[in-house]
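S.K.: quick one, fold the following:
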Amino acid sequence: EICACLVGSEMCIRDRSEFHFDLFSTTNKLKAGVEWRMSKNLGKGQVYDLTRPLYPSTSHRPRPYDEIPADHLLSFFIEDRIDIPVERHRLIVAGGIRAFSPLNLDADYRMQGKIYFDPRVNAQWKFPTLFLYDRQLNIQLVGGIGWQRKMPVMSQLYPEKIYYDLTQLNYYHTNADFRRLNMMTYIIDPTNYDLEPARNKKWEVRLDFDYDKHLFSVNYFYEKMTDGFRTTNYYRSFQYKKYDASAIEHTSLQGPPELSDLTYTNDTVISTYGINTNGSMIIKKGVEFQYSSNRIESIHTRLTVTGAWFKSTYHNSQPVYKRPSVVIDGRQIRYIGLYNEDDGYIRESFNTNFTFDTDIPRLKLGFSTSIQCMWFTSSQSMWESGVPIAYVNMEGELLPYTDAERNDMILQHLVESHYENNFKKRTIPIDANINIKVTKKICRDKIALALYVNRLVSYHPDYTLFGNTIRRTSNPYFGMEINFRL
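M.R.: So this is what the prediction gives:
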């Protein structure tokens, strides 16, 4: 199978083959393929007059997107599915590997010329069919593990340059011809040539039951990514001149003041800027379950129950630089702290949905009633001491932060203040809703007209959080939809 497509500024060429062969008592199904994908942004980006920027003190400049090189990705995969009979049991194993390599990158990028491999394997064990009260019972156990990488997007590989503008002189005169503005501009390239694809590892185990058209499935999964993408702050010092405009003779000017006639003092500021890095750790785990009943013929109704429990943990895997917003003597503090924790959190939730599906073919009517229950949601921020492990002084040196700095009149402001409640677990109790939908088929089933009412009945009791009573409200809403089938 060979196919090629071109959509907008994207092109894809794909070749795929499939082979079947038997070996001893096993059945093999082998798949292999290769794909080349290219995408290119042909836009001009934001276009505006530099003398009239989108907002004051902007750190950006117009950037044509068509200057960004095209993104080329070459990938291939191979997978083998083996069906092995084991007496009355069956074992189905599918294993494969996907490999890809980003092309058209500069030699400075770490990804250039590298091939990344993502293996995976799934196994399915089917037990012999059992008979319970003259009805079939089928049981199977499924498990799998695999790795998957996510490529950085083009805006992460080719970020916009950062323009840091420092005002050296801003002289205003009633005569516009005598005004003068002088800036020192630093241009920072935030490109991270060491950026690599983020790798996610996932394994799961699932148990399936099938008894007299009653289906039940429960699945547990666990995911972990230690090198997810995030914006990490770095620091840099900037030197500039501060001209003294107090000595300018406003009445004797014949034009804008000359910088050579003005005195100045040298000054330095330290600021942070963001770079895309592999600095996030994300852990996800949960249990998903589903039940589907046999349709009860007397009332033409089937019950489906779905639900899940999820828990996710996010935190940084790298220290971060932060500049406090404290102002001393009319000026923001010039030191930068290095902190070993930032923005970590834990999220947890548990939900269940009950759907009663009624189908009456003779009347071409369908009724659906769903009960959506979010039993609870919770969130908790990870503990932060607020005390930096190091700091950056005006000379750009990274020094340890000790008790001496903590007692310093200025450096003590690097310690962040946090309320204890910020790190307590916040739990929101049950929130339940009942929705209904009625569907009528007309014109030989080519048109389906539906009326729905969501949140017809709602249950969301008040709850207490840190001594405060939280009241929740909900409003029902309804609508109609129509579907055509030609």
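
S.K.: use CA for all of it now, contacts and neighbours both
M.R.: Noted.

S.K.: what mean pLDDT does stretch 119-127 get?
M.R.: Average pLDDT, stretch 119-127: 96.

S.K.: which stretches in the stretch 1-150 of the chain count as strands?
M.R.: Counting by DSSP state E, counting those that start in this stretch, the stretch 1-150 of the chain has strands at residues 2-7, 10-23, 26-39, 71-86, 89-103, 116-126, 130-132, 135-150.

S.K.: for the fourth one, what is the distance to the chain centroid?
M.R.: Taking the mean of its C-alpha atoms, strand 71-86 sits 27 Å from the chain's own mean (C-alpha atoms, centre = their mean, to the nearest Å).

S.K.: show me which residues of it are buried.
M.R.: Residues 71-84 are the ones in strand 71-86 that count as buried (16 or more other C-alpha atoms under 10 Å).

S.K.: now these in TSV, with pLDDT and distance to residue 141?
M.R.: Formatted as TSV, the buried residues of strand 71-86 follow (pLDDT from 0 to 100; distance: C-alpha to C-alpha, whole Å):
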residue	pLDDT	distance to residue 141
71	92	41
72	93	40
73	93	36
74	94	35
75	95	32
76	94	30
77	94	26
78	95	24
79	94	21
80	93	20
81	93	17
82	93	16
83	92	15
84	90	15
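
S.K.: from those residues, pick the one nearest residue 442.
M.R.: Distance to residue 442 across these (C-alpha to C-alpha) is lowest for residue 81, with 44.7 Å.

S.K.: for that closest one, which non-adjacent residue is spatially closest?
M.R.: Excluding its sequence neighbours, the residue lying closest to residue 81 (C-alpha to C-alpha, 6 or more residues apart in numbering) is residue 94, at 4.2 Å.

S.K.: just residue 303 next, same as before
M.R.: Excluding its sequence neighbours, the residue lying closest to residue 303 (C-alpha to C-alpha, 6+ apart) is residue 356, at 4.8 Å.

S.K.: is it true that that neighbour touches residue 370?
M.R.: Yes. The criterion here is C-alpha atoms under 8 Å, and residue 356 meets it with residue 370 at 6.2 Å.

S.K.: so for those two, which sits in the more crowded spot?
M.R.: More crowded of residue 356 and residue 370, by other C-alpha atoms under 10 Å: residue 370, with 20 against 15.

S.K.: can you give me the pLDDT of the residue nearest to residue 81?
M.R.: Listed pLDDT for residue 94 reads 95.

S.K.: what about it, distance to residue 200?
M.R.: Applying C-alpha to C-alpha, to the nearest Å, the value for residue 94 to residue 200 is 20 Å.

S.K.: do the same with residue 299
M.R.: Taking C-alpha to C-alpha, one finds residue 299 at 46 Å from residue 200.

S.K.: swap in residue 441?
M.R.: The spacing between residue 441 and residue 200, counted by C-alpha to C-alpha, is 45 Å.

S.K.: and residue 156, that one's in a strand?
M.R.: No. Counting by DSSP: H, G, I helix; E, B strand; the rest coil, residue 156 is located in no strand; its state is helix.

S.K.: quick one, what contacts it?
M.R.: Taking C-alpha atoms under 8 Å, 6 or more residues apart in numbering, we find residue 156 in contact with 191, 276.

S.K.: residue 376 now?
M.R.: 349-351, 427-431.

S.K.: go through those residues and name the one nearest residue 131.
M.R.: Scanning the contacts of residue 376 for proximity to residue 131, where the rule is C-alpha to C-alpha, the winner is residue 351, at 33.3 Å.

S.K.: not counting residues beside it along the chain, what's closest to that closest one?
M.R.: residue 374 (4.3 Å).

S.K.: work out for me the element the one you found sits within.
M.R.: Per DSSP states H and E: residue 374 is located in strand 365-381.

S.K.: which strands and helices sit next to the helix or strand following that strand?
M.R.: Remark: after strand 365-381, the chain's next helix or strand is strand 390-392, criterion DSSP H and E. If contacts are counted by 3 or more C-alpha pairs under 8 Å, 6 or more residues apart in numbering; DSSP states H and E, strand 390-392 sits against strand 336-339, strand 398-400.

S.K.: just the helices in the stretch 351-486 of the chain please.
M.R.: 403-406 (DSSP state H, counting those that start in this stretch).

S.K.: what residue ranges in the stretch 101-250 of the chain score low on pLDDT?
M.R.: Along the stretch 101-250 of the chain, the model assigns pLDDT under 70 to no residue.

S.K.: now do the SS call for the residue in the chain sticking out farthest from the centre.
M.R.: The C-alpha centroid of the chain is most remote from residue 252, which lies 60.5 Å away (C-alpha atoms, centre = their mean). Recorded secondary structure, residue 252: coil (three-state DSSP).

S.K.: within the sheet, what are the partner strands of whichever strand or helix holds residue 241, with directions?
M.R.: In this assignment (DSSP H and E), residue 241 forms part of strand 214-243. Paired with strand 214-243 in the same sheet, following DSSP bridges, are strand 198-211 (antiparallel), strand 264-292 (antiparallel).

S.K.: so in terms of bridging, what pairs with residue 200?
M.R.: residue 148, residue 225.

S.K.: wait, it touches residue 120, no?
M.R.: No. With contact defined as C-alpha under 8 Å, residue 200 and residue 120 do not form a contacting pair (11.7 Å).

S.K.: which parts of the stretch 301-450 of the chain are strands?
M.R.: Under the criterion DSSP E, counting those that start in this stretch, strands of the stretch 301-450 of the chain are mapped to 301-316, 320-322, 327-328, 331-332, 336-339, 345-360, 365-381, 390-392, 398-400, 426-428, 431-442, 447-459.

S.K.: neighbouring strands - and their directions - for the longest one?
M.R.: Right, strand 365-381. According to DSSP bridges, strand 365-381 has these partners: strand 345-360 (antiparallel), strand 426-428 (antiparallel), strand 431-442 (antiparallel).

S.K.: please apply the same query to the second one.
M.R.: Strand 320-322 pairs in its sheet with strand 336-339 (antiparallel), by DSSP bridges.
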